[in-house]
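Engineer: fold the following, please.
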Amino acid sequence: MSELKFDALCIGNAITDVFSHVEEDFLVKQYLHKGSMRLIDTDEALRLYDLMGQTVRISGGSAGNTAAGIASLGGAPAYIGKVALDEVGDNYGHDMRGIGVHFGTGPLRDGNLASGRSMILITPDGERTMNTYLGAATTLSPFDIDKDVVSAAAATYMEGYLWDPEAAKQAFLEASKIAHNAGRRVSLSLSDSFCVDRFRNEFLSLIKENVVDLLFANEHELKALYETADLETAIAAVREDCTLTALTLGGEGAMAISREETVHVPATPVERIADATGAGDLFASGFLFGLARDYDLASCAELGCLCAGEVISHVGARPERGLKGLAEQSGFKL
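Structural biologist: A predicted model of the protein is given here:
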């Protein structure tokens, strides 16, 4: 077995969040519906980006946020995601490496696609209007899978959002094969109910055929996966199908479900929920970190809830406080 170097390898869409404060009339002039989210093409992405005033850029993406959370815990994460050879892509790589994430994916050199970005326009009332361009992120392929990195990671983790492009599917299947050959764990996040609706049969096949050992889901995604309105029915089904499931339940905490046991832990109390964005991503950070260190399932889930609790207490999908110190204050020995 290869030497273990990483707590987890996270694979996903490399997206930079670009925030800009705008007046209401900016939305009107650009024919944008306030509070909406739309996918846009290259020309529209570059046009809108040029029109935005002063911006704040934060490297994001679901799996990227999970890697950032592991780094904040003091862990050793790796990340695979595709950016273009441009300023936004350069900044993305700089940010990821700067927080301690191993990121060595070669940039796309085809000038027809720019690096992925989500342009978030914030009006004076605090409402967010999102314009998401996936760009180079959609070109991830098996050629981007580094066998040495996969083999050296305790777990490979993929976001369901990446399951749309065919080449990305093949990349994940390749990574899964390498990970299992190295005796490592493979995990998948369902990402959202819309992903589940598009790829239900494929996701179920991945689980039932043991391509995936660990499933991350919230209660809505799990019920969508099994097409039931009853959570207990969905839990019983996933217990039968999947070796291990990490299930988030919002204010009700989280569950870890294996064939041998089911544990339920409470949510970490927070004074107020400022922004739920990234809660599932950061829960996965704590859970994967715990598994890499052989924590029991209850401790993995508790650490996941602690990480999720921190990220929902402020605006933004990445931790503001060092999760390592927060975890140690809560009694975890990292």
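
Engineer: all strands of the chain, in order?
Structural biologist: In the chain, the segments counted as strands under DSSP state E are 8-11, 15-21, 37-39, 56-60, 77-80, 102-103, 116-122, 128-133, 155-159, 185-189, 214-218, 244-248, 254-258, 262-265.

Engineer: packing partners of the shortest one?
Structural biologist: In terms of contacts (3 or more C-beta pairs under 8 Å, 6 or more residues apart in numbering; DSSP states H and E), strand 102-103 is packed against strand 77-80, helix 87-98. Backbone N, C-alpha and C define where each C-beta goes, glycine included.

Engineer: turn the ones you listed into a markdown table, columns for mean neighbour count.
Structural biologist: Output for the helices and strands packed on strand 102-103, formatted as a markdown table (neighbours: other C-beta atoms under 10 Å):
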| stretch | mean neighbour count |
| --- | --- |
| strand 77-80 | 28 |
| helix 87-98 | 18 |
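
Engineer: list the contacts for residue 293?
Structural biologist: Applying C-beta atoms under 8 Å, 6 or more residues apart in numbering, one finds that residue 293 lies in contact with 7, 334.

Engineer: now residue 83. Nearest residue, chain neighbours left out?
Structural biologist: In this structure, residue 83 finds its nearest non-sequential neighbour in residue 89, 3.2 Å apart by C-beta to C-beta, 6 or more residues apart in numbering.

Engineer: isn't that neighbour right next to residue 109, touching?
Structural biologist: No: here residue 89 lies out of contact with residue 109, judged by C-beta atoms under 8 Å, at a distance of 10.6 Å.

Engineer: buried ones in stretch 201-218, by neighbour count?
Structural biologist: For stretch 201-218, burial by neighbour count (16 or more other C-beta atoms under 10 Å) applies to 203-204, 206-207, 212-218.

Engineer: what mean pLDDT would you report for it?
Structural biologist: Averaging pLDDT along stretch 201-218 gives 96.

Engineer: likewise stretch 73-93?
Structural biologist: In the prediction, stretch 73-93 has an average pLDDT of 96.

Engineer: now the end-to-end length of that stretch.
Structural biologist: 20 Å (C-alpha to C-alpha, to the nearest Å).

Engineer: cool, stretch 127-141 as well?
Structural biologist: One end of stretch 127-141 sits 36 Å from the other (C-alpha to C-alpha).

Engineer: can you put the buried residues of stretch 201-218 in JSON lines and add distance to residue 288?
Structural biologist: Formatted as JSON lines, those follow (distance: C-beta to C-beta, whole Å):
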{"residue": "203", "distance to residue 288": "19"}
{"residue": "204", "distance to residue 288": "22"}
{"residue": "206", "distance to residue 288": "18"}
{"residue": "207", "distance to residue 288": "18"}
{"residue": "212", "distance to residue 288": "14"}
{"residue": "213", "distance to residue 288": "12"}
{"residue": "214", "distance to residue 288": "8"}
{"residue": "215", "distance to residue 288": "13"}
{"residue": "216", "distance to residue 288": "9"}
{"residue": "217", "distance to residue 288": "15"}
{"residue": "218", "distance to residue 288": "16"}
